[in-house]
Structure formats: C-alpha cells, structure tokens
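Asker: this one's sequence-less:
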C-alpha cells in the first residue's frame, strides 16, 4: 500500500502551474486524491479531458469533503477573495500554501482576511514556469532541480517541514527567507527582466510597418528570447507589478541608472568601459551555470533539441 504524504489535496487554479503540480503529485504518489477548482469552465473541461484530477469544480460549495493540503495557484489579485472563501470553507486542520511570485502582498492578504484556526499557511514560491499558459501545457517535470522559496510566518515547524517535503518530493531545492528579501531578489532576477522583455517587444510593435516586419523576419536569438518572455500570461504579470511595485521600482531605478551609463559610454565610444562591463557580466552567467540553473525553461524543449542533434 502506497504511503501518501497527503490524503486529499485541493489545487485552486489549474492552469500551467496548478496542472503541473497535479501531474507531479500523481507521478510521485504524493497525494491519493487530487482535486481542482477553477472559475474558468474551459480550463475545467481541459482538465477533465486530460484526466489529471480526481474531480474538478467551479466553486468551494461544490465540494462536500475537506482537504489535508490546499495549494493556491491563482493570480495574485484573487488571493483576498480566496482567503475569505477558505475562512468559511475549512473546518478541519489544513495546510495551505501557494505559488505566488510576490510574498509581502500575499502574507498581508492572508493576515487581513483569514482568521480560521484550522488553517496553517506556509507561503511558497516555486521558481519554475514557461511562457505558455493553460493546463494543456503543464508537465510533471516542470519543478525538477528548480528552487522553491519558503517565507513562513508564525507557523509551526511541523507544517513547514511538511510543505518542504512536498516540494522536495516533486524535485525542488528549498530555500527559506523573509518576504521582503524575497520580493527584492525576485524583482531583479524575474520581474525586471520580464518588464524589459515587454518593453522591447512593445517598442518593436510600435515601429513603422516595414521595419517591424523585418524585425520579426530577421529576429536574432536575443530578440526571440525576449518575445518568448513577452508571450507570458499578461494577467499574472499585471498582478506581479501591482503587488510588488515598491521593489520593482527600486530595482528599476538602479537598472535605469546603469543603462544610462552604458548609453553614455556608447555615445562617447568608450570601448574599454564597455569591454570591462561585458566581461564582468560573464561571471554571473558562469555562477548560474555552476549551480545548474542555466538550462531550458521547458525540459520537453531540451528533449526535442537533443533528438534533433
């Protein structure tokens, strides 16, 4: 008989991340039952066709049973409403975690809306994803060898350990930090690069038609990478910039200053300065490679490239 880590799991929001978690839970035999809830009927229908959930519903009231683990995989702007619903729904000891890309706002939403004594909330951020969205693009290996950051608040160590075990069971490496530090780090490593991608592709889209057509036709690897990022879920990123605006604005200010310095060096033909800057940035790339975080975002793409070669 399989020894499951959790008996019944509920995933709130079964898009790319939620459906990938469902697949990973099943593949690694972590939960005996995996249920899903989503406000989008098309998403629910796709999940039923993919047969990745024990059951899928549109509302909490459609579930008669309780859950050991609840994972919130919804846009950040929906968290307050979700916490309010959980406040009324949960009637037995339950661990709740999430996948939100900002943590200060998530923790504040929880504190403002949820006072259910049965809920043990352990905020999480699995740093994994691809630019595609929807359950049809999910896959169990999405989380393998990626980092998951926990930002616990006043939670019993036993519950934190269970969430740690859950993420480790699907292949993730665990780090713990406070929410403010998390948001500042992710502003630089994730949110600013995404914003730059949106900005560059937006600029290209605003060019004269004949130039824009040639930009698309002759796009080099760098521009193609930007378009990949810019193809991400706009609702998710709208919420991230709204919820983490202070950290993003701080890091964006630093980036803008450095960009202005590079602009000045190019204008003055300061080739030595440019060479020094470009050489120093190679160190960061080497460090990323050394910790095994420089691979493809989508392992299935890596497999396709391997087969071609």
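Answerer: Cool, got the structure. Keep in mind the model is a prediction, meaning the values are calculated, not measured.
Asker: tell me the phi and psi of residue 218?
Answerer: Summarising the backbone geometry of residue 218 under the convention degrees, to the nearest 10, its torsions are phi -110, psi 20.
Asker: ah, wrong one, I meant residue 8
Answerer: Dihedral pair for residue 8: phi -130, psi 130, per degrees, to the nearest 10.
Asker: give the contact list for it.
Answerer: Taking Cβ atoms under 8 Å, 6 or more residues apart in numbering as the contact definition, residue 8 lies against 31, 32, 33, 35, 65, 66, 67, 68, 69. Any C-beta I mention is one placed from the backbone N, CA and C, and that applies to glycine too.
Asker: Give me the buried subset of those residues.
Answerer: When burial is judged by neighbour count using 16 or more other Cβ atoms under 10 Å, the buried members of those are 31, 32, 33, 35, 67, 68, 69.
Asker: Output those as CSV; include the columns secondary structure.
Answerer: Output for those, formatted as CSV (DSSP: H, G, I helix; E, B strand; the rest coil):
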residue, secondary structure
31, strand
32, strand
33, strand
35, strand
67, coil
68, coil
69, strand
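Asker: Which stretches in the stretch 151-300 of the chain count as helices?
Answerer: When assigned using DSSP state H, counting those that start in this stretch, the helices of the stretch 151-300 of the chain occupy the ranges 157-169, 179-186, 192-205, 209-217, 221-230, 234-243, 245-267, 271-290, 299-308.
Asker: other SSEs contacting the shortest one?
Answerer: When you say that, I think you mean helix 179-186. On a contact count with 3 or more Cβ pairs under 8 Å, 6 or more residues apart in numbering; DSSP states H and E, helix 179-186 meets helix 104-113, helix 245-267.
Asker: and if we set it to 6 Å?
Answerer: Helix 179-186 makes packing contacts with helix 104-113 when contacts are defined by 3 or more Cβ pairs under 6 Å, 6 or more residues apart in numbering; DSSP states H and E.
Asker: For the helix it packs on, buried residues please.
Answerer: For helix 104-113, the buried set under the neighbour-count rule, 16+ other Cβ under 10 Å, comprises 104, 105, 106, 107, 109, 110, 113.
Asker: now swap in stretch 217-224 and tell me
Answerer: Along stretch 217-224, these residues count as buried under the neighbour rule (16+ other Cβ under 10 Å): residue 223.
Asker: returning to what we had before: would you mind putting the helices of the stretch 151-300 of the chain into TSV with distance to residue 74 and mean pLDDT alongside?
Answerer: Formatted as TSV, the entries for the helices of the stretch 151-300 of the chain read as follows, by distance: least, Cβ to Cβ, whole Å; pLDDT from 0 to 100:
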stretch	distance to residue 74	mean pLDDT
helix 157-169	18	96
helix 179-186	18	96
helix 192-205	19	92
helix 209-217	33	84
helix 221-230	21	85
helix 234-243	10	94
helix 245-267	20	96
helix 271-290	30	89
helix 299-308	25	48
